[in-house]
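> Okay, here's the prediction I keep looking at, along with the sequence it came from:
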Amino acid sequence: MSLRRSGRIGAAAPAHPAGPVDPQPAEQSSAGPRSGDYSRKRRAGRKFLARPARPGPRPALTGWVRRPFVADAALATALFAAATAAIRHSLPDRPWLMVFQVALVLPLVWGRRAPLAVFGVIAAAALAQWLTDVRILPADLALLVALYCVAAHSDRRRLLLAGAVLETGIVMFSVRWTLHERIAGSLVSLTALGTAAAVIGMNMRTRRAYLASLEDRAVRLERERDQQSRLAVAGERARIAREMHDIVTHNLSVMVALADGAVFAQQRSPERATTAMQQISGTGRQALTDMRRFLGVLRDDEPDALRHPMPGLPQLESLAGQVRAAGLPTRLELDGDPGLVPAAAQLTVYRLVQEALTNTLKHTPPGTSAQVRVACSADAVSLVVTDDGRAADTTAAPGSGHGLAGMRERTAAFGGSLDAGPRPGGGWRVAARLGLGVTAAEEGAA
């Protein structure tokens with residue numbers, strides 16, 4: 001009494017675009033096509049939105065702090081003003097001291113860009129000061145600042161070179177301009193000042209490298225978190241798609257077969273047509289119940305989730321009754337104790353049998369019969385679904401659609417295997433075995 005359609009097993013659904021579709025208007029407005037400037041702005045906006053977010057909010061900095069050159073120039077200006085104020089009483093008699101002041105302080109403006117070169121220029125100015133017998137000036141502090149720049153912005157080899165040059169200058173200064181009994185104290189104090197400048201610079205460089213590594217680590221962790229979130233979302237979407245495919249495809253196939261049978265019998269046997277329509281109504285209600293049950297599991301606040309448990313091995317008999325009513329004689333054999341099988345494995349077995357019978361119902365001619373054998377044990381559960389029909393499309397490749405791919409994914413989640421293909425004597429066979437030990441998901445978590 002049923003009229004079933006032939007086709008490829010597990011036929012692929014119509015392809016959908018992989019990403020979001022940018023809606024375009026069917027017609028351009030009366031003002032004309034969009035300008036190229038607008039398109040460029042739109043593409044720039046998309047690129048901006050696609051950039052990864054920073055690990056945290058950046059502190060609001062003023063303009064002169066953001067620009068190292070401006071900050072160094074401000075520091076050099078402040079040092080020059082302080083040094084000039086300290087020797088303002090000597091400038092009328094020795095105005096040429098300003099030349100040394102400028103030569104010692106001015107190079108600090110480029111202290112971050114070329115620290116070793118700046119230190120060399122300041123050291124040369126200090127050597128000229130020593131050769132011309134100009135005693136210590138306040139601007140000589142620029143030597144310590146330059147050494148700090150070398151320590152903070154150069155490698156250790158250059159720092160050692162600059163430290164050796166500074167220590168040579170300290171010895172030359174102490175020997176020439178310090179009393180004999182105070183040479184040792186001068187050497188120790190000036191060396192301590194140089195060491196302090198170098199240590200502070202090295203600490204700043206280490207802190208800056210540490211902060212850069214923290215920022216890079218935060219960016220990598222954020223990227224990995226986003227990737228894990230996308231993978232979790234993709235896995236959940238695949239699981240939902242499999243459940244929806246099993247529920248909708250099976251029930252719609254049964255309803256279509258029953259509707260075809262009712263149309264065929266409405267003239268000759270109205271009673272059988274009425275029975276078929278009642279079965280269609282019952283199948284539709286069952287589909288709605290399955291959908292409500294599935295959505296209730298997804299939503300924690302759904303009260304029906306506890307009142308409607310997910311289907312398992314006890315519901316295989318009602319499943320076989322549905323396909324029998326649709327015109328596919330089905331025999332069910334259940335061996336072993338279903339109580340040994342966990343609820344998740346029972347749901348997987350139910351979905352595998354449901355998908356196999358749906359494929360048989362859709363792709364075999366009338367008169368086909370099916371047989372389902374399920375064996376349960378404490379270690380594994382196995383199932384075999386066979387039919388004696390021959391699909392109209394004999395060139396269909398096994399596993400070419402989404403149905404068999406979903407069945408393999410369900411089986412692989414329990415560390416099992418699935419074998420689906422034509423039987424030597426005609427018909428189709430689906431065999432699967434699910435291990436009840438450690439699942440693949442638990443192995444990955446371990």
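Arrived safely.
> Give me the below-cutoff pLDDT ranges for the stretch 51-200 of the chain.
Across the stretch 51-200 of the chain, the ranges flagged by pLDDT under 70 are 51-66.
> how about the helices in it?
Ranges of helices in the stretch 51-200 of the chain, per DSSP state H, counting those that start in this stretch, are 63-66, 68-86, 97-105, 115-131, 141-153, 156-177, 183-265.
> how about these, which one is nearest V430?
Taking Cβ to Cβ, helix 183-265 is the member of these nearest to V430, at 13.9 Å. Just so you know, the C-beta spots here come from the backbone N, C-alpha and C atoms, and that holds for glycine as well.
> From the contact counts, what lies against the closest one?
For helix 183-265, the packing partners by 3 or more Cβ pairs under 8 Å, 6 or more residues apart in numbering; DSSP states H and E come out as helix 141-153, helix 156-177, helix 270-298, helix 316-325, helix 343-363, helix 402-412.
> and of the ones you listed, who's closest to A218?
helix 141-153 (23.4 Å).
> Could you list the residues in contact with that closest one?
75, 79, 83, 104-105, 107-108, 111-112, 115-116, 118-119, 122-123, 126, 158-159, 162-163, 166, 169, 193-194, 197-202, 204-205, 208 (Cβ atoms under 8 Å, 6 or more residues apart in numbering).
> Report the inter-axis angle for that helix versus helix 156-177.
Angle, helix 141-153 to helix 156-177, by axes from the mean of the first three to the mean of the last three Cα atoms, to 10 degrees: 160 degrees.
> quick one: helix 141-153 to helix 115-131, angle?
Using the same axes, to 10 degrees: helix 141-153 against helix 115-131 is 160 degrees.
> For helix 141-153, list the C-alpha coordinates in CSV.
Output in CSV follows, covering the C-alpha atoms of helix 141-153 (Å, rounded to 0.1, in the frame of the first residue of the first chain):
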residue,chain,number,x,y,z
LEU,A,141,75.3,63.8,34.6
ALA,A,142,74.4,63.2,30.9
LEU,A,143,77.0,60.4,31.0
LEU,A,144,74.9,58.5,33.5
VAL,A,145,71.7,59.1,31.5
ALA,A,146,73.4,57.9,28.3
LEU,A,147,74.7,54.7,30.1
TYR,A,148,71.1,54.1,31.3
CYS,A,149,69.9,54.4,27.7
VAL,A,150,72.5,51.9,26.6
ALA,A,151,71.5,49.4,29.3
ALA,A,152,67.8,49.9,28.7
HIS,A,153,67.8,49.8,24.9
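> returning to what we had before: now the helices of the stretch 51-200 of the chain as TSV including distance to V381 and mean neighbour count?
Below are the helices of the stretch 51-200 of the chain laid out as TSV (distance: least, Cβ to Cβ, whole Å; neighbours: other Cβ atoms under 10 Å):
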stretch	distance to V381	mean neighbour count
helix 63-66	66	10
helix 68-86	69	15
helix 97-105	85	20
helix 115-131	72	19
helix 141-153	68	24
helix 156-177	66	16
helix 183-265	18	15
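> Reformat these as CSV; add distance to I280.
CSV is the format used below for these (distance: least, Cβ to Cβ, whole Å):
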stretch, distance to I280
helix 63-66, 72
helix 68-86, 78
helix 97-105, 95
helix 115-131, 85
helix 141-153, 81
helix 156-177, 84
helix 183-265, 5
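> other SSEs contacting the helix or strand encompassing A431?
Assessed by DSSP states H and E, A431 sits inside strand 428-435. Judged by 3+ Cβ pairs under 8 Å, 6+ apart, the packing partners of strand 428-435 are helix 343-363, strand 380-387, helix 402-412, strand 417-422.
> Could you dump the helices and strands packed on helix 183-265 into CSV and include distance to W130?
Formatted as CSV, those follow (distance: least, Cβ to Cβ, whole Å):
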stretch, distance to W130
helix 141-153, 12
helix 156-177, 6
helix 270-298, 83
helix 316-325, 101
helix 343-363, 86
helix 402-412, 81
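> Excluding residues flanking it in the chain, which one is nearest V165?
A123 (5.4 Å; Cβ to Cβ, 6 or more residues apart in numbering).
> ok, that neighbour touching E167?
No. With contacts counted by Cβ atoms under 8 Å, A123 stays clear of E167, the gap being 11.3 Å.
> Contacts for the helix or strand encompassing L332, please.
L332 belongs to strand 330-335 when assigned by DSSP H and E. Residues outside strand 330-335 that contact it (Cβ under 8 Å, 6+ apart): 313, 316-317, 320, 323-324, 357, 369-376.
> Now list the buried members of those.
Taking 16 or more other Cβ atoms under 10 Å as the criterion, what is buried in the contacts of strand 330-335 is L313, L316, A320, V323, L357, S369, A370, Q371, V372, V374, C376.
> Would you mind listing the two of those that lie farthest apart?
Longest span within the buried ones among the contacts of strand 330-335, Cβ to Cβ: S369 and C376, 23.8 Å.
> that older thread, deepest of the helices and strands packed on strand 428-435, which one?
helix 343-363 (a mean of 23; mean count of other Cβ atoms under 10 Å).
> and the helix or strand just after that one, which strands flank it?
Where DSSP H and E defines the elements, the next helix or strand beyond helix 343-363 is strand 370-376. Strand 370-376 pairs in its sheet with strand 330-335 (parallel), strand 380-387 (antiparallel), by DSSP bridges.
> Figure out which of those is closest to W96.
Among the strands paired with strand 370-376, strand 380-387 sits nearest to W96 (Cβ to Cβ), with 98.7 Å.
> quick revisit: buried sites along the strand holding L332?
Here strand 330-335 shows T330, L332, L334 as buried, counting by 16+ other Cβ under 10 Å.
> That one to helix 316-325, inter-axis angle?
Counting by the same axes, to 10 degrees, strand 330-335 points 170 degrees away from the direction of helix 316-325.
> Give me the mean pLDDT for strand 330-335.
Mean pLDDT, strand 330-335: 92.
> Distance of the nearest residue to D379 once chain neighbours are set aside relative to P366?
The shortest distance from D379 to any non-neighbouring residue, by Cβ to Cβ, 6+ apart, is to L436 (5.8 Å). For L436, the distance to P366 (Cβ to Cβ, to the nearest Å) stands at 38 Å.
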